[in-house]
Structures are given as structure tokens and as C-alpha cells.
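**Q** Next come a sequence and a model predicted from it.
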Amino acid sequence: MLQSAPRSVRREGVVPGVEKGAALNKRVWTLFEKAGFKTQPNSHSASEHVVELGSGKKRKVDLFAKDDELGVVIIASNKSGGIADTFSGHVNDWEDIGTAAGAGKVLFVITGKDLSPGDVGYAVRKGMQVWGEKQLEYYEALTETIKQYAKYEIIHSLGITTSEEKNIHRVLALKVQQPVAGSGHDLFLFSVSAEHLLRTCVIFRRAQGNADAYQRMLRRERLPKVQEFVTRPDAMLPTNIVVHLSDKVLVEDVPMSDVRDNQSRPVVLSRATKPVVLNIPLEFSSLELIDGQHRLFGFVGTDPATRKGFDLLVTGVKSLSGKQRQEAFVAINDNSRRMDPNLVAYLRYTTDLIECQRDSSLMAIRVVVDLNDRTPFKGSIRLLDVGEQSITLKGFAGYDLRGMLGTRGLLRKYYPNNDPGEFLQVLRTYFSTIRSLFHEEWDHPSIYIVATNRGISAFLKLLRSMLKTEGKALTHAECKKYLSALKTGIKTWNLSDLKKTYVGSQGWSEFHEDLLAAIRRKFPNFKK
């Protein structure tokens, strides 16, 4: 789905790093331009915005993004290889630039190098924000899908307040008490325009890194179908949107004496239902979308009149914890359609040691998520539906790893502390050895099987065999001894060649058998 910034190509007369820097600058201003900001540079002019610092001093900024309607100005410093001087000095410098530019927020986009938590914390304490490659890819994916409405999420994430947030939308609703004694979770049924929801609904997606988030990324291919439907003259969307009402949404009771028909006769409602007024601020995150994001964002491509004139049915709920909202999302979606298996796995991720030690599937998920932050897997495991990695959380944390971490599993047997840190270390040692022996194949998963789900599965089975053979915890030397036999024992790792040999899903079990055979030719006592 996403394309990373182009890699720098060395050419005669080109200073190393210049192309990477220019490519990053273009990625950033393109993102903000697609999100609906007026930017410098932009698609019409590559010239950078100049900030007057006083005393004749001028500074160019990598991004100047402005929204006049909302009264928002953002400037950014983009660095593709880290900061040449100290980061704190860079922050202090840009603090002055931000003030002179009248910016509501200074943003640092740093790729190619991870900043220390201390450096990030220093910027945040100065009222600034830092994006790395992960955040940049997330917002690129978001703007590609929902275009100008990504602006509201970006502004909210940067902690900027807007001029329209003081506006309050008052809407009549029916408050319905659920028939569960003491639940305290009433439902609010109302209608509101698609435009209002697009401006106010926050969506907590796992791709943002929030531990309590639950939403998958939008599927761009689904949106045109909704758009085509809602622009028809006979369009009707009877299915409701489900939102969580934040504490900023105030509820006012409406006296039943005020509820009458056009002949002034009283209207009788059910015992558990009564009218109320919801006071909804025109502020992003005053509502949180639990279900219906594709129905809502299908309106992005429609004309303004449709977005403002098409009222959607909404069910609101208040006072749910993050975990309860997550459970509500799963309950709604798991029963009605097949959920993305990676999302289901990631929703189970926990750092609770006791929970992981009790449940091998939770331990496997935790270990794989943590592996994604470290070599040799850093950034190469697809945890969600953002990215194009060939290894997935669901695949890696599946049957093979889960079995070895179970009560009778060999990793559990030879690493009896049942500690995720120990499991992480042995897997890093093992797969780092594989990467060192098959570096070319590891780095090109679109061509070779090594760093793919099928490759990982086969190598996990080999790891189990190594543990059986050695009968103890493994060292790097022991891993290398057995794996080196594959250098000469396997003729090809090329996926296109292997697919011709191992036909069908069952055929791939023979690939593992061939790996075993290659090692046994050199080590006859190697166990299955």
C-alpha cells in the first residue's frame, strides 16, 4: 500500500544525502497538501517559505502548512539521516523560527535514524512534535484514503486547537436505557450530517501505536462503492454509525411535558426511553468512531452539498473504558464479517507478564511484536494493514512458534524461566545467523522465500529440530553449524522456482523436509 521515500542514488556531481533529503521534503509537503493545507513548497512551486527572524536574518523552512479557515500554521524541519548538530540545539533554533513564523506547532520529521527517548521528550517539552518513518507512513496512507479530512486528525495529533472548536452543535436524541441492571451504559439515538462526523470523529487505529486502539486502516477500494451509492437519488443508509461520546459532549434532559405532537397532545415513550439534547463541540475527538468508518468516509469523495445534506443515523454511547470500546468493536465486527487476522492478533497483544506466561499464544504475539523493533526483523513484520512486509504477525506467531512456547514446547523446556526477553534473544540469535548466511535472500523477500511467512515457518521447524538434537539451549555457533549445511544443500531459494516444485498449500511441507534432508547429509543424527 505504501511507498517509502526513494533511496539515494550516487551519481557523479551529486552530494550524498541530497536526493534523500529532497525526496523526504517532497513526501512531507505532498502529505500536507493532500490533507487540505496550503503549503510551501507545493505541487506548483518547489520554493521554500522564508521566515524573517529580525535584524535582517532569514531562514527557509522545509514545510510551511496553513489553513486559514481553522487558523492553523505548521512548520516542519525534515531530516532524512538525523541531525548534524545536537538535537537540543536544533530544537532551540526552531523554537525561535516557529515564533517568528507564527506557527501553532513545529514538527520534526526524522527518518533513517531513531531519536533517543530523551531527545523526543525534549522536543515535546518545548511544545513541538516528532514524526519518524512509522508516523510518516501512517499519515501518507491516511491522506491517500480520506484526503482533506486527514487534516483534522493531523491537527489533533499535533495538539493544536482550532478556531471552530468553540462552536457547539445541539442535536435532539433519544436516550435508551439498556435492560441490564446497573450497567450505566445508555444509548443515544440521533442523526447528524456526514460533514459533521467527518470533522469530529476520531478513529483510534492500531497503526498509530495506541495500545487501546482497535480499528483497522481504511480499505480505499471500498470507499467508491459507498460514494456511488449515496449520490444516487434514491440513496438510503439505514445501518447506523456507532460512536463513543467523549466527556466534552454534554447531555441535557428534555422535559416530557415539552414533547407533544402538532395538536399539543402528549407523546408517550417507552419506559426506558426519553428525549435529550446532545451538545457536541465542533472539535475533532469529541466523538470516537467505533463502527462504520467505511460508510462514513465513503462520503469523502462526494460533493459538499451531499456531505452537508445527508444525515446519518448514529448510535452513541458514553462512559466506556478503552478496553470496553475495543470489546464493542470486536463484538460488532467479528459476528458480521471476517476481521483482518493480523488485527485480531494485535488486539491480543499485552505486556502483562503473568498473562503471557499463562497463554502461549499471548507470549508468541508479544515476542513477535517485540522482534519487530529489533534486528534482524526491525520494521519487517506487518503488524497491521499498513505496509507491504512479507512476514505477518499472524503468520510468525502462529502454530510453530506457539507450539514451542507451550507447556510442552522445546523453547519452554530449554528456557524454563518462561521469560519473553530470553525467547526474544534466542530468536534474534537464530534468525540473525540465517540473515548473515543468506544476506541477499533475506533482503529481497519479493524474490526469495527466506524472509517470508513460509520461510519463517520452515526455519521455526528447523529450530525445533536443533533443540531436539542438541538437547539444550542453543549458541550462535551451534545455529551456524547446522544452518551452514543449507548453503550447499539447497539449490535455490527463489520463490518462482520453488512454487513450481511445491504445488498447493500441502506441498510446502515438503520444502521443510528438503531442508531437513540437506542438513542430514552433513549431520546424519539431526533429528526431525
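**A** Looks like it came in fine.
**Q** How is the chain divided into domains?
**A** 18-157, 167-339, 342-520 (automatic domain parsing).
**Q** Any idea which of those has the lowest pLDDT on average?
**A** Ranked by mean pLDDT, these end with domain 167-339 at the bottom, a mean of 76.
**Q** Same list, the domains of the chain, but as a markdown table with mean neighbour count and distance to residue 526 please.
**A** (Glycine included, C-beta is placed from N, CA and C.) Listed next are these as a markdown table, based on neighbours: other C-beta atoms under 10 Å; distance: least, C-beta to C-beta, whole Å:
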| stretch | mean neighbour count | distance to residue 526 |
| --- | --- | --- |
| domain 18-157 | 18 | 39 |
| domain 167-339 | 16 | 40 |
| domain 342-520 | 18 | 5 |
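**Q** could those go into TSV alongside distance to residue 528?
**A** Compiled in TSV, the domains of the chain are given as follows (distance: least, C-beta to C-beta, whole Å):
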stretch	distance to residue 528
domain 18-157	40
domain 167-339	35
domain 342-520	6
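**Q** of those domains, which approaches residue 527 most closely?
**A** Proximity to residue 527 (C-beta to C-beta) singles out domain 342-520 among those, at 4.2 Å.
**Q** End to end on the closest one, go ahead and measure it.
**A** 35 Å (C-alpha to C-alpha, to the nearest Å).
**Q** so how far is it off the chain centroid?
**A** Between the centre of domain 342-520 and the centre of its chain there are 23 Å (C-alpha atoms, centre = their mean, to the nearest Å).
**Q** Which elements pack onto the helix or strand that contains residue 435?
**A** Assigned by DSSP states H and E, residue 435 belongs to helix 420-437. Judged by 3 or more C-beta pairs under 8 Å, 6 or more residues apart in numbering; DSSP states H and E, the packing partners of helix 420-437 are helix 360-371, helix 453-470, helix 476-483.
**Q** Now do that helix and helix 360-371, the angle between them.
**A** 60 degrees (axes from the mean of the first three to the mean of the last three C-alpha atoms, to 10 degrees).
**Q** which residues does residue 443 contact?
**A** residue 451 (C-beta atoms under 8 Å, 6 or more residues apart in numbering).
**Q** What is the three-state secondary structure of the residue sitting furthest away from the middle of the chain?
**A** Within the chain, the residue lying farthest from the chain centre (C-alpha atoms, centre = their mean) is residue 263, at 54.1 Å. With DSSP: H, G, I helix; E, B strand; the rest coil as the basis, residue 263 sits in coil.
**Q** For the residue nearest to residue 423 when sequence neighbours are not counted, which residues are in contact?
**A** In space, residue 423 comes closest to residue 367 once its chain neighbours are excluded; the distance is 5.0 Å by C-beta to C-beta, 6 or more residues apart in numbering. Contacts for residue 367 (C-beta under 8 Å, 6+ apart) come out as 397, 401, 405, 420, 423-424, 427.
**Q** Can you add distance to residue 351 and give these back as JSON lines?
**A** Listed next are the contacts of residue 367 as JSON lines, based on distance: C-beta to C-beta, whole Å:
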{"residue": "397", "distance to residue 351": "15"}
{"residue": "401", "distance to residue 351": "18"}
{"residue": "405", "distance to residue 351": "16"}
{"residue": "420", "distance to residue 351": "9"}
{"residue": "423", "distance to residue 351": "14"}
{"residue": "424", "distance to residue 351": "13"}
{"residue": "427", "distance to residue 351": "17"}
